[in-house]
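Trainee: Build the 3D model from these lines:
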Amino acid sequence: MMTHLMRVVATAGMVGIILIGSACGESGSARAKDLINQGLAAQAAGNLNDASADFQEATHADSKNKLAFYDYGVVAQRQGRMQDAEFAYRIALQLDPSFPQALFNVATVRYAAGSTAEAITLYRQAIVADPTFAAAYLNLGFALRGIGQTAEGNADIDQAVALDPTLASRVPDLSAPGTPPPTSAATPTPGTPGSATTVATPTAVTPSPPSNAVTPSVVAPGTPVAPIATP
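Mentor: All right, here's what the predicted structure looks like:
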């Protein structure tokens, strides 16, 4: 695994992020967890540059910590560094191919880049990984409606609302074929270390988190899921 990561790292914007990522053992793992929580605090305070530095250092401390790469990706995406964000998410997915939040966030990046078909595939993979992921159903539904698959898209949106009834008031009028998803950007709300931030958007929802993470907030296409704390 690490051989592959070391080989591909120099091909993307995150050059060097894991070139010294050979640290392992309890000390490296503990250091990474501390840095992740430190990064979450910086992110909650709006200090994205500091958060990015903390998450990147966490990847050096423990190159097998998927949350370090994932959280780095979230901040990079919010800063508009889409190549870095996608690269970080994909490393997280190499470490855990069934990481639903990472699949979701790669989908938002690909959707924003105009790769709707790829985004649809990724949203479906996120749903397979977590069948209760309401946000994935919602974004999948909008994406399908955007390519003319209105009935299937509406069914996925209905499933999203069934999983999270609070979405009912946030879903726009679906009577017009091809209704696009909301495009407003999310604004992080300061939170506390060790917890995900709340994101206010027209389609913000709360999925069931993985067992080793706090509940994240997730949003419409183009905006990433919030960072996740280590247990």
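
Trainee: okay, CA-based contacts and neighbour counts for the rest of this
Mentor: OK.

Trainee: Name the secondary structure element that contains D156.
Mentor: Counting by DSSP states H and E, the element that carries D156 is helix 150-163.

Trainee: what sits up against that helix?
Mentor: Residues outside helix 150-163 that contact it (C-alpha atoms under 8 Å, 6 or more residues apart in numbering) are 132-145, 167-168, 174, 177-178.

Trainee: switch the cut-off to 7 Å
Mentor: 132, 134-135, 137-138, 140-142, 144-145, 167-168, 177-178 (C-alpha atoms under 7 Å, 6 or more residues apart in numbering).

Trainee: from those, which has minimum pLDDT?
Mentor: Lowest pLDDT of these: G178, 53.

Trainee: What residues of stretch 155-174 count as buried?
Mentor: Within stretch 155-174, the residues scored as buried using 16 or more other C-alpha atoms under 10 Å are 156-161, 163-164, 167, 171.

Trainee: What helix or strand is G46 located in?
Mentor: With DSSP H and E as the test, G46 turns up in no helix or strand.

Trainee: What count of nearby residues applies to it?
Mentor: Residues near G46, counting by other C-alpha atoms under 10 Å, number 16.

Trainee: re earlier: just give me the closest of the contacts of helix 150-163 to Y123.
Mentor: Nearest to Y123 out of the contacts of helix 150-163 is L140 (C-alpha to C-alpha; 5.9 Å).

Trainee: For that closest one, what is the enclosing helix or strand?
Mentor: Per DSSP H and E: helix 134-146 holds L140.

Trainee: sorry, back to before: now the contacts of helix 150-163 in TSV, with distance to A102?
Mentor: Conversion of the contacts of helix 150-163 to TSV gives the following (distance: C-alpha to C-alpha, whole Å):
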residue	distance to A102
T132	15
A134	15
A135	13
Y137	15
L138	16
L140	15
G141	19
F142	19
L144	20
R145	23
L167	22
A168	25
P177	30
G178	26
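
Trainee: Now do the same contact list for A168.
Mentor: A168 touches V161, counting by C-alpha under 7 Å, 6+ apart.

Trainee: distance of it from F104?
Mentor: 21 Å (C-alpha to C-alpha, to the nearest Å).

Trainee: same question, R124
Mentor: Taken as C-alpha to C-alpha, the span from R124 to F104 is 9 Å.

Trainee: Among these two, which residue is more densely surrounded?
Mentor: Taking neighbours as other C-alpha under 10 Å, R124 and F104 compare with F104 leading, 30 against 20.

Trainee: Wait, that one touches Y123, no?
Mentor: Yes: using C-alpha atoms under 7 Å, F104 is in contact with Y123, at 5.8 Å.

Trainee: can you list residues touching both of those two?
Mentor: Both F104 and Y123 are contacted by A136, under the criterion C-alpha under 7 Å, 6+ apart.

Trainee: what packs against the longest helix along the chain?
Mentor: Ranked by number of residues, the top helix in the chain under DSSP state H is helix 25-44. Applying 3 or more C-alpha pairs under 7 Å, 6 or more residues apart in numbering; DSSP states H and E, we find helix 25-44 packed against helix 48-61.
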